[in-house]
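Chemist: test case, fold it:
(one chain, ligands or ions: 1)
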Amino acid sequence: MRWLISHGKTRSQGSSEKKCLWHAIVTILFCMRFLKMAVAIDQHHGFRPFNRSQRCRLQSFTYLDNNIAEISQTNLNHSLKQAFEVANFHRSFSSPCLPLATRLEDKLDANPTVEIVGGHRAPRVRALVVEVAIAIASGIDLMPVSSGLGGAYFIRNKSGDNIAVTKPIDEVGGLMLGHSGMKRSVRVGGTGIREVAAYLLDHDGFAGVPPTALVKINHIGFHINNGAGGTTVSDPPSKVASLQHFVDHDFDAGELGPSGFSVASVHQIGIFDVRLLNLDRHAGNILVKKNDHQENGAIGVVDLVPIDHGLCLPEWLDDPYFEWLHWPQASVAFSESELEYIHNLDPFKDAELLRSELPSLGESSIRVLILCTIFLKQAASVGLCLADIGEMMTREFCGGEENLSVLENLCAKAKASLVTKSNDEDIYDNYDDDDDENSEKNLPKKEEVTIFEFDDESENILNEVSDVPQHVQFPPKMASFSKNPRFSSIRSMPKLQDAAASPPLSKQDDYEDGNTHHKHTYITKENSDNDSGDGIKVGGLTRSISCALHNYNSEIEGISLGDMSGSEWKLFLECFGMLLPEAFEGAKCMGSKQRLGTSCKF
Ligand SMILES: Nc1ncnc2c1ncn2[C@@H]1O[C@H](COP(=O)(O)OP(=O)(O)OP(=O)(O)O)[C@@H](O)[C@H]1O
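Modeler: Next up is the predicted model:
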């Protein structure tokens with residue numbers, strides 16, 4: 001190797017410098033292949049010629065080899081340099097043969113330390129994983145992040161610079177996998193996949209979501225819950241986690257306030273949040289990078305970087321949190337290029353992307369994306385601004401009561417008309433009351449869905465987590481109607497309880513949507529005595545919602561989109577589309593100028 005480097009260097013002084021550099025790289029790749037074979041032999045056969053540190057070095061080269069196509073020329077040189085440093089080639093590989101690994105640190109090396117398990121096709125993630133793999137191979141420690149709700153770690157390179165942030169999916173706020181998380185509509189264990197979905201959906205880096213992947217990562221520094229609330233090192237954990245590129249920043253938006261932010265940067269994040277129905281866009285989740293200093297020392301141009309997308313794409317329409325909603329920039333009309341970007345969004349293509357890249361993301365969440373994107377496109381096309389749109393999606397507190405958002409009301413109305421249409425067409429003839437009595441037989445047992453043991457096999461973990469939402473649909477508990485005077489047309493809608501906001505009509509309902517085929521088990525129990533509270537009238541039938549999983553049943557609110565068959569969903573979208581123009585008229589009554597006033601400048 002030494003010869004190789006010096007050979008490359010000497011020749012590179014001549015005219016064919018570039019050619020020689022590539023010659024050296026190709027030769028190195030050749031050597032890597034050889035080393036890779038050695039690693040394979042080392043891992044899969046009883047004969048283990050390498051000790052721990054040698055194995056680490058070999059792995060760092062193997063990662064580089066596997067991912068070399070993804071790395072740009074600059075990164076390649078940098079990564080090669082780092083890999084050489086890690087490998088520390090002045091030490092010989094001709095170590096004596098060692099006995100089978102018995103030490104803990106040797107056990108750790110039995111598997112690769114970082115492996116992509118979701119979002120393979122996303123740009124720039126392989127380079128990120130290579131960098132992290134090299135850092136881990138060099139023996140760095142994980143640094144728990146002090147801010148946030150816990151469960152995040154910084155990963156540093158050998159020089160001590162942060163290069164990535166990783167969040168194991170089982171460490172969110174100490175909650176159990178599969179249970180309701182910080183928001184009921186996103187389960188614990190479902191946040192990592194949403195972080196990756198957000199990156200995949202941020203086409204052309206429009207909002208600036210940092211490269212993110214879902215990985216299986218093996219590091220002794222992870223917190224292990226051993227059941228007794230303590231940490232043990234006897235069984236080093238292999239965890240599924242989101243892995244995100246670390247973005248150098250100076251503040252978060254909460255520390256600075258919005259006055260220095262450009263209209264475009266606020267719009268880009270806002271448009272993104274609307275599409276994905278982000279429930280958690282608080283100011284701490286917007287990083288701020290200074291670009292410029294004004295003469296008076298004030299902060300000039302800044303870049304905004306959105307992070308923490310674990311609470312996007314909920315399983316049903318939930319109440320989003322948009323920090324930017326009352327920032328003046330949100331009331332400025334969209335620019336031509338923003339309108340073009342919105343116009344070019346294709347929600348069905350996005351849905352396909354998620355289905356193919358992240359198959360364990362539930363269909364109900366994908367429908368939320370489709371619906372919100374359609375809403376955004378239509379709203380922007382009639383001239384609504386970001387603040388108008390965000391307001392229509394946000395619930396309103398009125399007299400101590402939470403009212404459904406305008407968007408939710410529109411969906412409830414569309415669902416109600418769907419039921420009416422469906423009844424007219426007699427599509428529910430197959431509904432059988434007798435079957436309903438047996439419905440609980442079809443339910444997953446309580447333990448099956450409430451207990452999620454962490455498993456070494458990441459795919460199993462992801463499937464377990466995703467199984468819950470796919471089998472159990474929670475019919476919405478309806479809140480009262482929006483009383484927002486801006487949306488007079490919505491106010492005239494009937495009360496939801498009477499409007500039959502579509503609880504499921506059969507225990508099992510297959511639907512086809514695009515290339516996928518889904519089966520849902522609904523949880524219903526007939527109770528004709530109860531037509532108040534949870535009782536919802538549907539086409540003359542009144543049912544109360546009985547859920548075997550009591551801890552999930554209480555306080556669940558929101559309109560579910562996942563409980564419709566494929567044909568119902570199509571019909572629903574049609575109805576929804578027809579309701580939009582009238583709703584937008586109401587929103588337009590109050591123009592952005594009125595909200596902004598005249599003295600507002602950026
Ligand atoms: N990509 C990143 N680049 C730089 N810093 C980051 C990045 N991601 C997270 N951080 C830092 O880590 C902190 C915690 O991250 P994050 O907000 O994603 O975790 P969290 O535990 O979900 O927090 P919370 O839910 O309270 O917002 C952030 O406040 C930020 O300082």
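Chemist: residues in the stretch 301-450 of the chain within reach of the ligand, list them.
Modeler: Counting by Cβ under 6 Å from any ligand atom, the stretch 301-450 of the chain comes close to the ligand at 307-308, 310. Glycine gets a C-beta too; all of them are placed from N, C-alpha and C.
Chemist: which of those are buried, as a PyMOL select command?
Modeler: To isolate the buried subset of these in PyMOL, counting by 16 or more other Cβ atoms under 10 Å, use the following:
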select buried, resi 307+308+310
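Chemist: list just the nearest of the residues of the stretch 301-450 of the chain next to the ligand to Leu369.
Modeler: Gly310 (15.3 Å; Cβ to Cβ).
Chemist: can you read off the pLDDT for that closest one?
Modeler: Listed pLDDT for Gly310 reads 95.
Chemist: repeat that for Ser417.
Modeler: pLDDT, Ser417: 88.
Chemist: let me see the contact set for it.
Modeler: Cys575 (Cβ atoms under 8 Å, 6 or more residues apart in numbering).
Chemist: the closest residue to Ile389 other than its chain neighbours and the ligand, how far apart?
Modeler: Distances taken as Cβ to Cβ, 6 or more residues apart in numbering place Ala379 nearest to Ile389, at 4.8 Å, with adjacent residues excluded. Distance check for Ala379 against the ligand: by Cβ to the nearest ligand atom, to the nearest Å, it reads 27 Å.
Chemist: got it, and Asp252?
Modeler: Counting by Cβ to the nearest ligand atom, the gap from Asp252 to the ligand is 6 Å.
Chemist: burial check on that residue, number of neighbours?
Modeler: 18 (other Cβ atoms under 10 Å).
Chemist: so what's it up against?
Modeler: By Cβ under 8 Å, 6+ apart, the neighbours of Asp252 are 283-288.
Chemist: give me the subset of those residues touching the ligand.
Modeler: Near the ligand, by the rule Cβ under 6 Å from any ligand atom, you find 284-285, 287 out of the contacts of Asp252.
Chemist: mind telling me what element the residue lying closest to Pro347 once chain neighbours are set aside is part of?
Modeler: Closest residue to Pro347 apart from its sequence neighbours, by Cβ to Cβ, 6+ apart: Thr373 at 3.7 Å. Using DSSP states H and E, Thr373 sits within helix 363-381.
Chemist: next, the buried residues of the next helix or strand after that helix.
Modeler: Next helix or strand after helix 363-381 toward the C-terminus (DSSP H and E): helix 386-393. Residues 386-393 are the ones in helix 386-393 that count as buried (16+ other Cβ under 10 Å).
Chemist: and for stretch 207-224?
Modeler: 207-219, 222-224.
Chemist: please tell me how far Ile271 sits from Glu340.
Modeler: 12 Å (Cβ to Cβ, to the nearest Å).
Chemist: which of these two has more neighbours?
Modeler: Higher neighbour count among Ile271 and Glu340: Ile271, with 22 against 10, using other Cβ under 10 Å.
Chemist: before we move on, the earlier item: highest neighbour count among the ones next to the ligand among the contacts of Asp252?
Modeler: Asn285 (23 neighbours).
Chemist: hmm, that residue is touching Val305, no?
Modeler: No - using Cβ atoms under 8 Å, Asn285 is not in contact with Val305; the gap is 9.6 Å.
Chemist: what bits of the stretch 51-200 of the chain have low per-residue confidence?
Modeler: Where the stretch 51-200 of the chain drops to pLDDT under 70, the residues are 51-112, 148-150, 172-181.
Chemist: dump the residue contacts of the residue lying closest to Ile374 once chain neighbours are set aside.
Modeler: Once flanking residues are discounted, Ile374 sits nearest to Pro347: 6.0 Å by Cβ to Cβ, 6+ apart. By Cβ under 8 Å, 6+ apart, Pro347 lies in contact with 369-370, 373-374, 377.
Chemist: measure Cys575 to the ligand for me?
Modeler: 36 Å.
Chemist: who are the packing partners of whatever helix or strand that residue lives in?
Modeler: Here Cys575, judged by DSSP H and E, is contained in helix 566-588. Contacting helix 566-588 under the criterion 3 or more Cβ pairs under 8 Å, 6 or more residues apart in numbering; DSSP states H and E are the following elements: helix 363-381, helix 386-393, helix 406-424, helix 488-491, strand 508-513.
Chemist: pick out the shakiest of those, pLDDT-wise.
Modeler: It's helix 488-491: among those, that one has the lowest mean pLDDT, namely a mean of 34.
Chemist: tell me which of the helices and strands packed on helix 566-588 sits most buried.
Modeler: helix 386-393 (a mean of 25; mean count of other Cβ atoms under 10 Å).
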